[in-house]
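*Asks:* Generate coordinates for the sequence data below:
(one chain, ligands or ions: 2)
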Amino acid sequence: MSSLRKLIPTIANSMASAKTDFIRPFTVIVEGNVGSGKTTFLNHFNKYDNVGVYTEPIEMWRNCNGYNLLELMYKDPKKWSFTFQSYVQLTMLRQHTRLTKYPVKLMERSVYSARYCFVEKMERDQLMAAPAIAVIDEWFKFITENENVGVDLIVYLRTSPEVVYDRILKRNRSEERTIAFDYFKSLHEIHEDWLYHKTLHKVPAPVIVLNADLDQSVIGEEYEKYEEQILNKLPVQAHVY
Ligand SMILES: Nc1ncnc2c1ncn2[C@@H]1O[C@H](COP(=O)(O)OP(=O)(O)O)[C@@H](O)[C@H]1O
Ligand SMILES: Nc1nc2c(ncn2[C@H]2C[C@H](O)[C@@H](COP(=O)(O)O)O2)c(=O)[nH]1
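*Replies:* Ligands and ions are numbered 1, 2, ... in the order given. Sure thing, here's the model as predicted:
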């Protein structure tokens, strides 16, 4: 028997043991409209030494082998939505499955909001043809059935569309300059139906709702109200509003 064939059982065993050794940390996804304050919220938790903070991989979307997919999507959504969502789903899967030494993992968004909010929006606006949505959905189902992308808690940064629109104008991100207010209003309603009314799609974990309209000068107190649950120091009460 060749030396390689002798190696196969060893490789298989080590892969099997690696799989079983992977212990998913207490995983919290931070969800909310564009500009709702997710990155700001994550920065607040960076100070804890038992929390791994994973912001959205937006720089990967702005430079995929030299292509700014985020810009392409906003400039011509009909042409580029499928390409963009395919890459978002891949990069978010990477975020979910990244190994971490921390007992708590805080992630900005997830494969869930990509599918349930943004692809949902594209479907309503007929920006993606049905076959394209079917392919995205098959990948999503495979990922959520077969990969360890479980979550333990959802933090919903609940905002009003007017507030996020004002923040986005001030943030002045180049790719977002052409987005109309109605886009954020519609995304708000989708987030509300998914995470607050829970009438849209499956909700993969208990939801904590924060009033993210509060100004930066006082919102720290709102974050602190839920710190113990987010840091997994308290049992999560389902449907905390
Ligand atoms: N509570 C707040 N009050 C006022 N401005 C805020 C607040 N939270 C975030 N911002 C500002 O709004 C913009 C969007 O915040 P950011 O954290 O990037 O949101 P997201 O990550 O959800 O897009 C940024 O310019 C940020 O400084
Ligand atoms: N079409 C999609 N756009 C998405 C998705 N995830 C994020 N985004 C956009 C929204 C913003 O312009 C930018 C960063 O999001 P923030 O909320 O952090 O500002 O990326 C998606 O799945 N589809």
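*Asks:* drop to CA atoms for contacts and neighbour counts, all remaining ones
*Replies:* OK.
*Asks:* in this protein, which spans are strands?
*Replies:* 26-32, 51-54, 104-108, 153-158, 207-211 (DSSP state E).
*Asks:* can you put those in JSON lines and add mean pLDDT?
*Replies:* Shown next, in JSON lines, are those (pLDDT from 0 to 100):
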{"stretch": "strand 26-32", "mean pLDDT": "97"}
{"stretch": "strand 51-54", "mean pLDDT": "95"}
{"stretch": "strand 104-108", "mean pLDDT": "96"}
{"stretch": "strand 153-158", "mean pLDDT": "98"}
{"stretch": "strand 207-211", "mean pLDDT": "97"}
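*Asks:* right, and those - which one's nearest ligand 1?
*Replies:* Closest to ligand 1 of those, according to C-alpha to the nearest ligand atom: strand 26-32, at 6.3 Å.
*Asks:* Paired strands for that closest one, with orientation please.
*Replies:* strand 104-108 (parallel), strand 153-158 (parallel) (DSSP bridges).
*Asks:* okay, that strand in PDB with CA atoms only?
*Replies:* Once non-C-alpha atoms are left out, strand 26-32 reads as follows in PDB (Å, rounded to 0.1, in the frame of the first residue of the first chain):
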ATOM      1  CA  PHE A  26     -21.900  32.100  22.900                       C
ATOM      2  CA  THR A  27     -22.700  33.900  19.700                       C
ATOM      3  CA  VAL A  28     -24.500  37.200  19.600                       C
ATOM      4  CA  ILE A  29     -25.500  38.800  16.200                       C
ATOM      5  CA  VAL A  30     -26.200  42.500  16.200                       C
ATOM      6  CA  GLU A  31     -28.900  43.400  13.700                       C
ATOM      7  CA  GLY A  32     -30.400  46.700  12.500                       C
END
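*Asks:* quick one on the thing from earlier: is it possible to get TSV of the strands paired with strand 26-32 that adds mean neighbour count?
*Replies:* Below are those laid out as TSV (neighbours: other C-alpha atoms under 10 Å):
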stretch	mean neighbour count
strand 104-108	24
strand 153-158	23
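*Asks:* between the ones you listed, which gets nearest to Pro25?
*Replies:* strand 104-108 (5.4 Å; C-alpha to C-alpha).
*Asks:* Adding distance to Tyr74, write the strands of the chain out as JSON lines.
*Replies:* Shown next, in JSON lines, are the strands of the chain (distance: least, C-alpha to C-alpha, whole Å):
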{"stretch": "strand 26-32", "distance to Tyr74": "19"}
{"stretch": "strand 51-54", "distance to Tyr74": "24"}
{"stretch": "strand 104-108", "distance to Tyr74": "21"}
{"stretch": "strand 153-158", "distance to Tyr74": "24"}
{"stretch": "strand 207-211", "distance to Tyr74": "28"}
